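**Student:** Sequence plus the predicted model coming up.
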Amino acid sequence: MKKRLLILEDGTVFTGTAFGSERASQGEVVFTTGMTGYQETISDPSFYGQIVTLTYPLIGNYGINRDDFESITPAIRGFVVRELAKTPSNFRCDLTVDEYLTSKDIPGIEGIDTRKLTRIIRSKGSVKAILTAADEEVNVEEIVAKLQATPAITHHVREVTPKAAYPSPGRGKRVVLIDYGMKHGILRELNKRDCDVLVVPYNTPAAEILAWHPDGIMLSNGPGNPEDVAEGIETVRNLIGKVPMFGICLGHQIFSLASGAKSFKLPFGHRGGNHPVKDLRTGRTDLTSQNHGYAIDIESLKDTDLELTHVALNDGTCEGVRHKKYPIFTVQYHPEASPGPEDSNHLFDEFIEMMEVEAGKGKQHA
């Protein structure tokens with residue numbers, strides 16, 4: 001078995017066993033806490049540019065199957081596990097994790113102390129790193145210097161958004177889904193409710209979106225810093241008040257910025273399942289699936305038309321807002337789960353109901 005190194009920008013070196021692609025890869029190291037759902041994690045576009053660490057020690061025991069992908073092309077830069085299952089056992093299994101990552105040219109490393117790596121990320125925040133072969137030619141000092149000098153990625157969404165619009169037909173409400181790096185679970189939930197969906201790139205102008213006469217607009221999840229998505233913010237700003245909207249994760253952040261709020265980077269992000277979130281409207285607490293490195297500043301909501309609706313019980317950060325004047329609400333977490341708990345799946349029904357109410361108002365005025 002070939003040895004592989006994971007070298008962090010602070011000089012920490014982990015030595016483990018290689019799997020997946022043989023190439024070297026550089027990215028931001030983050031951790032996620034899910035016990036299952038590694039296939040959805042690998043294929044989640046919100047992990048673009050990141051080397052993903054699984055805190056659960058045994059990964060791959062049910063393999064990879066054709067049903068659980070959240071995107072066609074995975075966007076992660078690397079995969080880090082304590083132990084990789086070599087002989088998965090599941091009736092749906094088509095490939096091992098090793099076989100799948102090899103086919104997608106993504107390197108992985110196993111056998112390192114993922115607890116130590118997680119503690120480093122928790123204390124220092126997400127750090128840049130490189131996965132590379134363990135050979136005599138590796139100069140750790142040069143690699144560390146290179147990592148420290150490498151600027152942060154600012155074009156995440158541009159790399160994962162579709163190049164052109166495409167339909168996902170239905171006979172129900174007409175929805176434009178702005179794709180910032182969409183998990184397909186969002187589209188599945190809309191399709192399940194028979195929505196007639198048009199998926200569009202993040203930089204589609206507001207006028208073009210409104211020309212399709214949608215009943216509602218969905219703002220998807222996606223990777224990176226919301227402040228980097230200037231075109232997306234401008235589009236949403238021009239859509240506010242025109243049609244009902246529902247935003248998830250990055251979509252929530254982009255809507256909030258378009259409304260005048262501010263965002264900030266979390267020390268190490270929220271990634272994994274079972275994050276408790278309280279709905280301030282009802283007092284209900286849902287266990288949620290999350291994957292984000294930025295959050296909206298609650299204090300900045302005071303000078304906007306936004307009302308705080310959800311908070312994270314772990315750290316008190318903003319998990320949802322709604323507009324005080326218009327039929328728009330957004331959440332920071334993933335009501336479509338995939339992977340994770342489905343406690344908040346009812347939000348898609350609320351979106352449908354909101355569109356029906358607005359459609360009814362239009363008929364009354366007519």
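**Tutor:** Structure received.
**Student:** From now on I want contacts and neighbour counts done on CA atoms only, so please keep to that.
**Tutor:** Noted.
**Student:** Tally up the residues packed near Gly11, please.
**Tutor:** As a burial measure, Gly11 scores 15 neighbours (other C-alpha atoms under 10 Å).
**Student:** May I have the residues that are in contact with the residue lying closest to Val243 once chain neighbours are set aside?
**Tutor:** In space, and not counting its chain neighbours, Val243 is closest to Gly216: 5.7 Å by C-alpha to C-alpha, 6 or more residues apart in numbering. Gly216 makes contact with 173-176, 243-246, 355 under the criterion C-alpha atoms under 8 Å, 6 or more residues apart in numbering.
**Student:** at 6 Å instead, please
**Tutor:** 175, 243-245 (C-alpha atoms under 6 Å, 6 or more residues apart in numbering).
**Student:** ok, now Asp286?
**Tutor:** 276-277, 343.
**Student:** Provide a PyMOL selection command restricted to the buried entries of these.
**Tutor:** To isolate the buried ones among the contacts of Asp286 in PyMOL, judged by 16 or more other C-alpha atoms under 10 Å, type:
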select buried, resi 276+277+343
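**Student:** Just the contacts of Asp286: which are in helices?
**Tutor:** Of those, none are assigned to helices by DSSP state H.
**Student:** Now, the contacts of Asp286 that are in strands?
**Tutor:** Judged by DSSP state E, the contacts of Asp286 include 276-277 as members of strands.
**Student:** Val160 versus Leu314, what's the distance?
**Tutor:** For residue 314 the amino acid is Asn, not Leu. Using C-alpha to C-alpha, to the nearest Å, Asn314 is found at 30 Å from Val160.
**Student:** which of these two has more neighbours?
**Tutor:** Val160 (23 against 10).
**Student:** Give the phi and psi angles for the residue nearest to Val243, as a check.
**Tutor:** Here is the backbone geometry of Gly216 (degrees, to the nearest 10): phi -160, psi 160.
**Student:** From His323, how far off is it?
**Tutor:** 15 Å.
**Student:** Just give the closest residue to the residue nearest the centre of the chain, not the sequence neighbours.
**Tutor:** Central residue check for the chain by C-alpha atoms, centre = their mean: the C-alpha nearest the mean position is that of Ser46, 3.3 Å away. The shortest distance from Ser46 to any residue other than its chain neighbours is 3.9 Å, reached at Pro223 (C-alpha to C-alpha, 6+ apart).
**Student:** State the phi and psi torsions of that neighbour.
**Tutor:** Dihedral angles (degrees, to the nearest 10) for Pro223: phi -90, psi 160.
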